[in-house]
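Trainee: Using only what follows, build the 3D model:
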Amino acid sequence: MEESTDETRSPAPNVDPTAVFDWVNLRDETMISPTERVLLLRTKFLARQNQSIMQAQEKILKVLNKSRNRRSSVLSAVTSVVEAFDALNDPADDMNLALTEAHETFVGDTNSKLYVKRTIAASQAAMTFRDYIGQAFSDNDGDHQGLSDDNKQLIVEDFSILNADLVTAVYIDLNKAMKKRKFKSKGKTKAKGRAKKMGEAAPTRETIPLEAAPGSEDIFFFTVDSSQVPSAQD
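Mentor: Next up, the predicted model:
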């Protein structure tokens, strides 16, 4: 038999079988019987088929690896977006407290409406608010609930990875919270005013002693409702 001239492609025991792409050839086919020749040809055919299958599998593995890496990147990005959205909407988080303070300042400065539904105007206001946050926190404008510079930068980065729909959702939640605070504040003010009016208008009762009848030691008292007694002006 005549071996391949390329040693790396030779079917030697120390060579990886997957690295062998050629089959050994016969130097003189007259040295073998017809049966051996048929078996050799069939073996070559099977070897070529096996090689084709292995090459196809290698391509599939490469595609799967790329898809897996791409899927991992997508999942990582989605996780980051979810974490950013939750952090900005968590009322117990320091970042949300600073964001609430900045939102109140933004509404006061721009006289923006407190949109609580998704509209074109709400989305536009949300985008303006995002830009305002990026400017305010980047310039270290204000104390912002004592928030550190790192957390300010984190808020800016969180907003940057949110799409327009999520930014609008955060903005609408801030608007709803602000409306709720205003409603509670008005309720307390009305309750105080009502209590004050009731205190001023509340009738007073005065107990007046009656003179005792002649020869009697008993003293009688009666109660007068001041609201029923006409004033001196009347």
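Trainee: When you work out contacts or count neighbours from here on, use the C-alpha atoms and nothing else.
Mentor: Noted.
Trainee: which stretches of the chain have low pLDDT?
Mentor: For the chain, the stretches flagged by pLDDT under 70 are 1-26, 139-147, 187-234.
Trainee: top helix in it by residue count?
Mentor: helix 34-89 (DSSP state H).
Trainee: Okay, helices next: where are they in this protein?
Mentor: So, for the chain - with DSSP H - the helices run 34-89, 94-110, 120-138, 149-161, 164-201.
Trainee: is it possible to export the ones you listed to a markdown table including mean neighbour count and distance to residue 27?
Mentor: Formatted as a markdown table, those follow (neighbours: other C-alpha atoms under 10 Å; distance: least, C-alpha to C-alpha, whole Å):
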| stretch | mean neighbour count | distance to residue 27 |
| --- | --- | --- |
| helix 34-89 | 13 | 13 |
| helix 94-110 | 17 | 81 |
| helix 120-138 | 17 | 79 |
| helix 149-161 | 17 | 68 |
| helix 164-201 | 15 | 74 |
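Trainee: how does this protein divide up, domain by domain?
Mentor: Residue ranges for each domain of the chain read 7-71, 78-188, as given by automatic domain parsing.
Trainee: which helices and strands sit right next to the longest helix of the chain?
Mentor: helix 94-110, helix 149-161, helix 164-201 (3 or more C-alpha pairs under 8 Å, 6 or more residues apart in numbering; DSSP states H and E).
Trainee: closest to residue 56 out of the ones you listed?
Mentor: Nearest of the helices and strands packed on helix 34-89 to residue 56, taken as C-alpha to C-alpha: helix 149-161 at 39.1 Å.
Trainee: Show me what that closest one is packed up against.
Mentor: helix 34-89, helix 94-110, helix 120-138.
Trainee: out of the ones you listed, which comes closest to residue 179?
Mentor: helix 94-110 (10.8 Å).
Trainee: How about exporting stretch 165-182 as PDB, limited to the C-alpha atoms?
Mentor: Below are the C-alpha coordinates for stretch 165-182, written out as PDB (Å, rounded to 0.1, in the frame of the first residue of the first chain):
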ATOM      1  CA  ASP A 165     -42.000  52.700  26.700                       C
ATOM      2  CA  LEU A 166     -40.200  51.900  30.000                       C
ATOM      3  CA  VAL A 167     -39.100  55.500  30.500                       C
ATOM      4  CA  THR A 168     -42.700  56.600  30.000                       C
ATOM      5  CA  ALA A 169     -43.900  53.900  32.500                       C
ATOM      6  CA  VAL A 170     -41.400  55.300  35.200                       C
ATOM      7  CA  TYR A 171     -42.500  58.800  34.500                       C
ATOM      8  CA  ILE A 172     -46.300  58.000  34.800                       C
ATOM      9  CA  ASP A 173     -45.600  56.100  38.100                       C
ATOM     10  CA  LEU A 174     -43.900  59.200  39.400                       C
ATOM     11  CA  ASN A 175     -46.800  61.400  38.300                       C
ATOM     12  CA  LYS A 176     -49.300  59.100  40.000                       C
ATOM     13  CA  ALA A 177     -47.300  59.100  43.200                       C
ATOM     14  CA  MET A 178     -47.200  62.900  43.100                       C
ATOM     15  CA  LYS A 179     -50.900  63.200  42.600                       C
ATOM     16  CA  LYS A 180     -51.500  60.900  45.500                       C
ATOM     17  CA  ARG A 181     -49.300  63.000  47.800                       C
ATOM     18  CA  LYS A 182     -51.200  66.200  46.700                       C
END
